[in-house]
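# Prediction below, plus the sequence it came from.
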Amino acid sequence: MLVYILGGLLLVVLLFKSIILVEERTYFVIQRLGKFQKMAGPGLGFIIPFIDSKAGVINMRVQQLDVEVETKTRDDVFVHLTVSVQFQVMNEKLWDAYYSLDNARHQISSYIFDDVRAEVPKMELDDVFAKKDDIAVAVRQNLAESMDKYGYNIVKALITDIDPDARVKDSMNKINAAKRDKEATLEEAEAAKIRVVKAAEADAESKRLSGEGIAQQRLEIVRGFKESVEDFQKSLKSITHEEVMQFVLLTQYFDTLNNIGANGKNSSILIPHSPSAMADFQQQIVNGTLVGAKLKDASEDKSNTASTETF
């Protein structure tokens, strides 16, 4: 009876040892007595207990490796680059991926160091920043060619960080700050220029409109004077032009005084300051008119004399 119980227990143990469960996107490397037997894919699998063994696990997922590389640019600036490489085992080269390399990550890191230090010294620091995508493409191409025979596919390579020497970085920051200050100064000067130009244009437009208004006002005043004189002469036919002029000037004089007095902010002195000065104004106007007439007559006589001498 005991023999049957022990036999049953042994059978259960052997059955348990023969079953393997493989996760998705994973392969088990199965060896038989130390020699490669098969690759067990995802799902339920069976092996011979105590003869077959699981030698290793191959991860089929995309993996990422970050490598920091220190190198020097063509303009002798030391720079640290962080290179991120995504790689994956090829389905058709599972044996190569497991048995060809002892440490795939270490091998990939070595190739990255070699590729970056071959590309960056050809460039100046500014070009490294501007052409980081070109560096990443070169790293990926070289890695893909080198790792293909080992069963690894290089999915993508990225330059995720570029860190120059601290002193160089400080100098770059100062240069950038100076450039931004210069741009800000230029923009501020341009804005000030625009404000001045617009203010000048507005002032010119204001003066133009003011001039038009004054001209129109004076035109209406002259028209009003004309109508006033004509109406006055029609009403009083015996009055002379000189008397009409004196009356109009006197009226304007008192109107002006009234306007000045109505505005409390004015502090002006009217010279001359008496109504009798209107006679002086009128006399000045008459004298000016007479002088103008004499000058006109003299000019016409001179022109006639010159014409006679010519004939």
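Okay, I see it. Being a predicted model, the structure only gives us computed values, none of them experimental.

# okay, CA-based contacts and neighbour counts for the rest of this
Will do.

# what's the domain layout of this structure?
For the chain, automatic domain parsing gives the domain ranges 2-59, 63-164, 170-229, 240-289.

# Compute the first-to-last residue distance for the second one.
Domain 63-164 has its terminal residues 28 Å apart, counting by Cα to Cα, to the nearest Å.

# could you give me the average pLDDT of that domain?
Domain 63-164 shows a mean pLDDT of 94.

# the helices in this structure, which residues?
For the chain, the helices defined by DSSP state H cover 2-18, 94-99, 104-119, 125-130, 132-147, 166-235, 241-262, 277-310.

# isn't Arg74 right up against Pro121?
Yes. With contact defined as Cα atoms under 8 Å, Arg74 reaches Pro121; the gap is 4.9 Å.

# For Val79, which residues are in contact?
70-73, 162-165 (Cα atoms under 8 Å, 6 or more residues apart in numbering).

# need the contact list for the residue nearest to it when sequence neighbours are not counted.
Nearest residue to Val79 in three dimensions, chain neighbours excluded: Pro164, at 4.1 Å (Cα to Cα, 6 or more residues apart in numbering). For Pro164, the contact set (Cα under 8 Å, 6+ apart) comprises 77-80.

# now that we have those residues, which one has the most neighbours?
Among the contacts of Pro164, the one with the most neighbours (other Cα atoms under 10 Å) is Val79, at 20 neighbours.

# Quickly list what that residue is bridged to.
Thr71, Pro164 (DSSP bridges).

# returning to that earlier point: can the contacts of Pro164 go into a markdown table with extra columns for distance to His106?
Converted to a markdown table, the contacts of Pro164 look like this (distance: Cα to Cα, whole Å):
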| residue | distance to His106 |
| --- | --- |
| Val77 | 27 |
| Phe78 | 24 |
| Val79 | 22 |
| His80 | 19 |
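
# Look up phi and psi at Met123.
Main-chain dihedrals, Met123, degrees, to the nearest 10: phi -120, psi 160.

# got a list of what it touches?
Contacts of Met123 (Cα under 8 Å, 6+ apart): 73-75.

# Just the buried ones from those?
The neighbour count (16 or more other Cα atoms under 10 Å) marks Thr73 as buried among the contacts of Met123.

# Export the contacts of Met123 as a markdown table, with columns for distance to Asp148.
Shown next, in a markdown table, are the contacts of Met123 (distance: Cα to Cα, whole Å):
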| residue | distance to Asp148 |
| --- | --- |
| Thr73 | 30 |
| Arg74 | 31 |
| Asp75 | 35 |
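
# what number of residues lie near Ala178?
Ala178, neighbours per other Cα under 10 Å, totals 12.

# Looking at the contacts of Met123, which is nearest Asp102?
Using Cα to Cα, Thr73 comes nearest to Asp102 of those, at 33.1 Å.

# Leaving out chain neighbours, which residue sits closest to the closest one?
Pro121 is the one closest to Thr73 (Cα to Cα, 6+ apart), at 4.3 Å.

# Tell me who's in contact with that neighbour.
71-74.

# closest to Ser100 among the residues you listed?
Distances from Ser100 to these, taken as Cα to Cα, are shortest for Thr71 (29.7 Å).

# quick one, what contacts that closest one?
Listed by Cα under 8 Å, 6+ apart, the contact set of Thr71 reads 78-80, 116-117, 120-121.

# Turn those residues into a markdown table, including distance to Arg140.
Output for the contacts of Thr71, formatted as a markdown table (distance: Cα to Cα, whole Å):
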| residue | distance to Arg140 |
| --- | --- |
| Phe78 | 23 |
| Val79 | 20 |
| His80 | 19 |
| Val116 | 11 |
| Arg117 | 14 |
| Val120 | 15 |
| Pro121 | 18 |
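
# which of those lies closest to Gln86?
Here the nearest of the contacts of Thr71 to Gln86, counting by Cα to Cα, is Val116; it sits at 16.1 Å.

# How many residues are close by the closest residue in space to that closest one that isn't next to it in sequence?
Ranked by Cα to Cα, 6+ apart and with sequence neighbours excluded, the top spatial neighbour of Val116 is Val139, at 6.8 Å. With neighbours defined by other Cα under 10 Å, the count for Val139 comes to 26.

# Does Val139 touch Ile112 like I think?
Yes. Counting by Cα under 8 Å, Val139 touches Ile112, with 6.6 Å between them.
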